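>>> coords please:
(chains A and B)
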Amino acid sequence: MCMNSSDTIMVDIVQGIMVVNTETIPGKVITETYGVVSGSTVRAKNIGRDITQSFKNIMGGELHKYTELLQESRAEAMSRLVSDAMARGANAVVNLRFATSAITPGAAELFAYGTAVKIE
Amino acid sequence: MLENILLFGLLGLSILLAAFGILWAILYPILVLWAFFFSGKKLDAMIIDTAEREAQTFAQLGKDPLSTVDGSYRKEVSAAGVVFAGAVYGPSHWHQLIGFINNIFGGSVDIYQKVISAGRAESMQRLREQAIKEGWDEVINVRIDTAVMSPATVKKGIKAVEVFAYGTGIKYS
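Predicted coordinates:
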């Protein structure tokens, strides 16, 4: 269910602007750069989820709710990055990087940054 | 009147906390025992499941769609975009106990290595599946990142690791 919401955000990204994590976009020429753009988000699940996940952690294995949480957060951070890039008049973002930091157990800060460019 | 309400409120709260404490004291050993019996098998089943899906993808495409090569090594590309996938994996408390004992003697802590490499294989397989779902022919410049779910300074809380893979999906015209 939550994977769907991140999927729709991804579709918006793909339609709006081209985002890649390579230095150049294969087959395109970069004509202008607009500097570093970034987007970040801190998200957490509700306490009920935290309790069920900590029970699951005792028995090991994958913690699906946290996987969903991080996927959603990453999509949100990326959509913020894309709107930042659009505001600068870019039509692509190259060299995208992700960074993560844990603030408290169960909450995560996701940070996406890249270079806004114009391609032809 | 106000004192009575306060008193009963405090009493109710402490009874609730005590009930949780008793429940936890009973439940926790059962869960750890469950982990002792089943978490190893569960982990093996996960590894086998991931390997099967990987083999299926390889058979379907004839090659691995992922590569860590950066840049435009093939020019005839019509579209490109970022793809990402991740998985949060944690060792069970039984495995954590084994890891703790292993840590005292030093050497390779095999059980943690097993859990994390299972997570890594799973997240790479998810990246392949995500790329196929979004219609990319190949994923270049794949990077694999690892992040802990709770800060190292916090003793309690979830002991889990997030393995995260991302890359640039490209479509050949």
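
>>> From here on, just use CA atoms for contacts and neighbour counts.
Fine.

>>> Check the secondary structure at residue A:90 for me.
coil (DSSP: H, G, I helix; E, B strand; the rest coil).

>>> What pairs with the lengthiest strand in chain B, parallel or antiparallel?
Longest strand in chain B by number of residues (criterion: DSSP state E): strand B:77-90. The strands that strand B:77-90 pairs with in its sheet are strand A:61-62 (antiparallel), strand B:161-172 (antiparallel) (by DSSP bridges).

>>> Tell me which residue in chain A sits closest to chain B.
Nearest residue of chain A to chain B, counting by CA to the nearest CA: residue A:60, 3.5 Å away.

>>> returning to what we had before: for the strands paired with strand B:77-90, which one sits closest to residue A:112?
strand B:161-172 (12.0 Å; CA to CA).

>>> as a whole number, average confidence for that closest one?
Averaged across strand B:161-172, the pLDDT comes to 88.

>>> Give the buried residues for that strand.
Going by neighbour count (16 or more other CA atoms under 10 Å in any protein chain shown), the buried part of strand B:161-172 is B:161, B:162, B:163, B:164, B:165, B:166, B:167, B:168, B:169, B:170, B:171.

>>> centre of the chain versus stretch B:39-57, how much separation?
When distances are taken as CA atoms, centre = their mean, to the nearest Å, stretch B:39-57 is centred 14 Å away from the chain's centroid.

>>> same deal with stretch B:1-13?
44 Å.

>>> Check stretch B:140-149 too.
Using CA atoms, centre = their mean, the offset of stretch B:140-149 from its chain centre is 12 Å.

>>> for stretch A:91-106, same thing?
6 Å.

>>> Only the buried residues of it, if you could.
Across stretch A:91-106, burial judged by 16+ other CA under 10 Å covers A:91-98, A:100-102, A:104-106.

>>> show me what contacts the closest residue in space to residue B:139 that isn't next to it in sequence?
Using CA to CA, 6 or more residues apart in numbering or on different chains and skipping the chain neighbours, the partner closest in space to residue B:139 is residue B:169 (4.3 Å). Taking CA atoms under 8 Å, 6 or more residues apart in numbering or on different chains, we find residue B:169 in contact with A:20, B:80, B:81, B:82, B:83, B:131, B:136, B:137, B:138, B:139, B:140.

>>> top helix in chain B by residue count?
Secondary structure assigned by DSSP state H gives helix B:2-61 as the longest helix of chain B.

>>> let me redo that: chain A
helix A:64-87.

>>> and stretch B:83-103, what's its mean pLDDT?
Mean predicted lDDT for stretch B:83-103 stands at 87.

>>> returning to what we had before: what separates the longest helix of chain A from the chain centre, distance-wise?
The answer for helix A:64-87 is 3 Å, by CA atoms, centre = their mean.

>>> Check whether the next helix or strand after it comes into contact with chain B.
Downstream of helix A:64-87, the next assigned helix or strand under DSSP states H and E is strand A:92-102. Yes: judged by CA under 8 Å from any CA of the partner chain, strand A:92-102 and chain B are in contact via A:100, A:101, A:102.

>>> for the second one, which residues make a bridge with it?
Bridge pairing for residue A:101 (DSSP bridges) gives the partners residue A:109.
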